[in-house]
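Student: Okay, here's the prediction I keep looking at, along with the sequence it came from:
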Amino acid sequence: MMNRNKRTQTQLVFFIIQTQIGVGILGLPYNVFLQSKQDGWISVLIAGLIVQVIITYLWFLSKRFPKQSLFEYSKVITGKYVGTAINMAYITYGVLVTALILMYSTKVIKTWMLIYTPKWILMLLLILTAIYLAKEHVDTISNVYVLVSMLIVFLLIISFVVMGTYPIDYRYLFPVGAHFGLPWIAGAKEAYFSMLGFELLLILYHHFHELGSKAVLKSATLANWIVTIIYMIMMIVSTIVFSPVEIAIVPEPVLYFVKSLNLQIVERIDLVFLSLWIVNVVTSLTSYLFLSIEGTRALFKKKVSKKKATWILFMYASISFSIAVWYKIDEIDTFNHIVMRISYALVCCVPLTMLMVSLLRKKESGVSN
């Protein structure tokens with residue numbers, strides 16, 4: 001096992017990136033465009049700024065308890081019973097987000113690749129792969145994330161190739177600011193969902209605290225802005241490739257402009273892209289299962305063996321799998337709204353409340369440098 005002192009900022013950066021970039025990247029341009037039209041890239045930027053604010057106070061909260069995760073210091077701040085309730089809420093949140101990722105990813109795979117394959121088989125393959133990785137130590141997971149993050153470069157290369165080979169019209173971006181105000185906020189709300197994953201800083205801080213608090217903040221900030229820039233590029237490319245009428249009826253514009261590429265050596269490059277995208281889906285699933293198992297370890301107040309942790313992961317994965325299979329494809333948006341409301345509470349409100357309470361009650365376990 002890797003020594004704790006050898007953990008690097010690179011590992012933390014890519015852990016957050018791989019959790020953030022998942023199913024959301026394919027539909028983000030469509031969802032944001034419906035709200036803020038050609039100003040969609042501005043909404044993505046606003047979402048990045050909002051996420052940065054949240055990251056800052058998540059970091060400030062974690063900084064007060066550098067050697068403890070959320071599941072440990074929640075009881076210190078709020079007391080045994082309230083803290084336990086908070087921990088159970090985060091464990092449940094991890095299971096629900098896992099189910100949501102399964103739903104969206106399976107829907108895309110069935111639409112574009114495996115039309116006649118039963119959805120439960122696709123979900124089973126995805127969740128089993130995620131379990132296999134989530135049962136490992138944070139060092140192993142981080143190293144895998146660093147390795148597979150090279151696939152993101154492929155996405156950016158394709159985007160620039162499209163801009164160089166496909167008929168585009170920059171006029172679709174104008175007039176800038178035409179939908180100033182509430183449409184920008186509505187678009188940012190849609191982009192926020194695709195950026196979820198940064199909240200894992202609450203459990204990652206104590207694993208990487210020996211890097212120093214400033215290094216952790218820099219890593220989380222870098223990850224956030226890398227994701228924000230990638231999403232802005234996807235938004236701009238989708239806007240200039242499709243007309244306003246077209247993009248409003250194309251649910252996965254990223255896949256459509258990838259499919260438009262005509263390469264002699266690859267007939268269906270969109271299938272190659274989807275195959276690589278599935279890796280990002282698995283990493284997102286892994287991260288949220290890891291969130292749930294970390295909470296369980298703290299809940300039992302003792303070291304959970306790797307074998308026992310694997311069985312617990314199977315239990316959580318089974319719950320997520322059952323929820324995902326039970327919901328019909330046309331009901332995904334309903335479930336998405338439920339998870340979004342929960343995320344607002346657990347990602348935005350609860351940590352901020354705990355930070356304020358810890359400051360008022362002067363609760364901390366020592367501040368790292």
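Tutor: Happy to help now that I have it. Numbering: from 1, shown residues only.

Student: what about stretch 172-180, distance to the chain center?
Tutor: 28 Å (CA atoms, centre = their mean, to the nearest Å).

Student: Just the residues contacting that stretch, thanks.
Tutor: Ser36, Lys37, Gln38, Asp39, Trp41, Ile42, Ile236, Thr239, Ile240, Phe242, Ser243, Pro244 (CB atoms under 8 Å, 6 or more residues apart in numbering). (Each C-beta comes from the backbone N, C-alpha and C, glycine too.)

Student: how about a cut-off of 6 Å?
Tutor: Ser36, Lys37, Gln38, Asp39, Thr239, Ile240 (CB atoms under 6 Å, 6 or more residues apart in numbering).

Student: As TSV, those with pLDDT and secondary structure would be great.
Tutor: Output for the contacts of stretch 172-180, formatted as TSV (pLDDT from 0 to 100; DSSP: H, G, I helix; E, B strand; the rest coil):
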residue	pLDDT	secondary structure
Ser36	93	helix
Lys37	92	helix
Gln38	92	helix
Asp39	94	helix
Thr239	91	helix
Ile240	91	helix
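
Student: Out of these, which comes closest to Ser318?
Tutor: Ser36 (39.1 Å; CB to CB).

Student: show me what contacts the residue lying closest to the closest one once chain neighbours are set aside?
Tutor: Nearest-residue entry for Ser36: Gly187, 3.3 Å, with adjacent residues in sequence omitted and distances by CB to CB, 6 or more residues apart in numbering. Taking CB under 6 Å, 6+ apart, we find Gly187 in contact with Val32, Gln35, Ser36, Gly40, Ser43.

Student: gap between the nearest residue to Val23 once chain neighbours are set aside and Tyr192?
Tutor: Sequence neighbours aside, Tyr104 is the residue nearest to Val23 in space, at 4.1 Å (criterion: CB to CB, 6+ apart). From Tyr104 across to Tyr192, the span is 16 Å (CB to CB, to the nearest Å).

Student: Compare neighbour counts for these two and give me the winner.
Tutor: Tyr192 (23 against 20; other CB atoms under 10 Å).

Student: what about that one, helix or strand, and which?
Tutor: helix 182-195 (DSSP states H and E).

Student: which other residues reach whichever helix or strand comes after that helix?
Tutor: Sequence order places helix 201-208 as the next helix or strand after helix 182-195, per DSSP H and E. Contact with helix 201-208 is made by Arg7, Leu12, Leu58, Ser62, Lys67, Gln68, Ser69, Leu70, Val138, Val216, Ala220, Glu294, as judged by CB under 6 Å, 6+ apart.

Student: CA atoms only for helix 201-208 - export them in PDB, please.
Tutor: Below are the C-alpha coordinates for helix 201-208, written out as PDB (Å, rounded to 0.1, in the frame of the first residue of the first chain):
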ATOM      1  CA  LEU A 201     -13.700  16.800  -0.800                       C
ATOM      2  CA  LEU A 202     -15.500  16.400   2.500                       C
ATOM      3  CA  ILE A 203     -14.200  12.800   2.800                       C
ATOM      4  CA  LEU A 204     -11.000  13.200   0.800                       C
ATOM      5  CA  TYR A 205      -9.500  16.000   2.900                       C
ATOM      6  CA  HIS A 206      -8.400  13.800   5.700                       C
ATOM      7  CA  HIS A 207      -6.800  11.400   3.300                       C
ATOM      8  CA  PHE A 208      -4.700  14.100   1.700                       C
END
